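[1] Build me a structure from this.
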Amino acid sequence: MSVTEAIILGIIQGLTEFLPVSSSGHLELAQALFGNQNKTDENLIFTIVVHGATALATLVVFRDDVWEIIRDLFRFSNNKSTQFSLQIILSMIPAALVGFFFEEAIGIDLGGLGIAVIKMAIASKKGLTIDLKLKNKISVDQFLFSESQSRILVSIKKNKLANFKKIFKGSDYTIIGKCTGSDVVEFKDNKKIIRGKISDLAKSYKQNIKGL
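    Okay, here's the model as predicted:
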């Protein structure tokens, strides 16, 4: 990544972070336009740095408000700052539960379940087997590639599965497969329908976007 590209990407991050759009999505798109999408480690480090810079800039801009909140907290009274801080803590509880119970969690709103499974396998470098018999009356294509913002794919360790079932009892969830620890992703019905090595899937996923 050149200095010019870094400056442009930094400007994109700064302009989009405070707008109701995805700053990370715009960064990824810009990386693709520059032809840098295959530099995974470099891009991740850069994304972390610019997001950290954004957080620091936010603290600087709102330093008076932040200092007032901190000062009010040490008054140990039920003031607005205390209530605001408690609301922040409460909002972190769902994320804490996800971090405790789930090894990984990914939305299936971009590409559907099939793409989410492949992403998870690439990130974890662990093989997965998915049971397509659970698709009921819908087609394989619908089962694998229907996008939904209300569903997520999660992985859970075996020793945490019982607690997960207890806490989420009554919630709508389905166990669709298992981690095999191999280097292969399989989508199985009564017979193997789709099977591919993680390395091959990663290469296909990270290939250059054509036509940009």
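[2] Next, give phi and psi for the nearest residue to residue 72 once chain neighbours are set aside.
    Here the nearest residue to residue 72 in space, its sequence neighbours aside, is residue 81; by CB to CB, 6 or more residues apart in numbering that works out to 3.4 Å. C-betas here are computed from N, CA, C, even on glycine. Backbone torsions for residue 81, taken as degrees, to the nearest 10, come to phi -70, psi -40.
[3] distance of residue 81 from residue 2?
    The gap separating residue 81 from residue 2 is 44 Å, by CB to CB, to the nearest Å.
[4] cool, and residue 30?
    Here the criterion is CB to CB. By it, residue 30 lies 13 Å from residue 2.
[5] Settle it for me: which of these two has more neighbours?
    Higher neighbour count among residue 30 and residue 2: residue 30, with 18 against 9, using other CB atoms under 10 Å.
[6] what sits against that one?
    With contact set as CB atoms under 8 Å, 6 or more residues apart in numbering, residue 30 has these partners: 8, 9, 12.
[7] Check which residues of stretch 162-178 are buried.
    Using 16 or more other CB atoms under 10 Å as the burial criterion, the residues of stretch 162-178 that qualify are 164, 176, 177.
[8] and the end-to-end length of it?
    Using CA to CA, to the nearest Å, the end-to-end distance of stretch 162-178 comes out at 15 Å.
[9] cool, stretch 8-25 as well?
    Its first and final residues considered, stretch 8-25 spans 15 Å by CA to CA.
[10] repeat for stretch 19-26
    With CA to CA as the measure, stretch 19-26 spans 12 Å from end to end.
[11] next one: stretch 69-86
    The distance separating the two terminal residues of stretch 69-86, taken as CA to CA, comes to 12 Å.
[12] going forward can the numbers begin at 237, since that is how I track them
    New numbering, starting at 237: the last item is stretch 305-322.
[13] care to break the protein down by domain?
    Per the record, the chain has its domains at 239-327, 334-441, by automatic domain parsing.
[14] what about the residue most central in space within the chain, which helix or strand?
    Here the mean C-alpha position of the chain is nearest to the C-alpha of residue 342 (CA atoms, centre = their mean), at a distance of 4.8 Å. Taking DSSP states H and E as the definition, one finds residue 342 inside strand 338-344.
[15] Give the full set of residues in contact with the closest residue to residue 349 other than its chain neighbours.
    The shortest distance from residue 349 to any residue other than its chain neighbours is 5.5 Å, reached at residue 380 (CB to CB, 6+ apart). When contacts are counted by CB under 8 Å, 6+ apart, residue 380 touches 348, 349, 350, 423.
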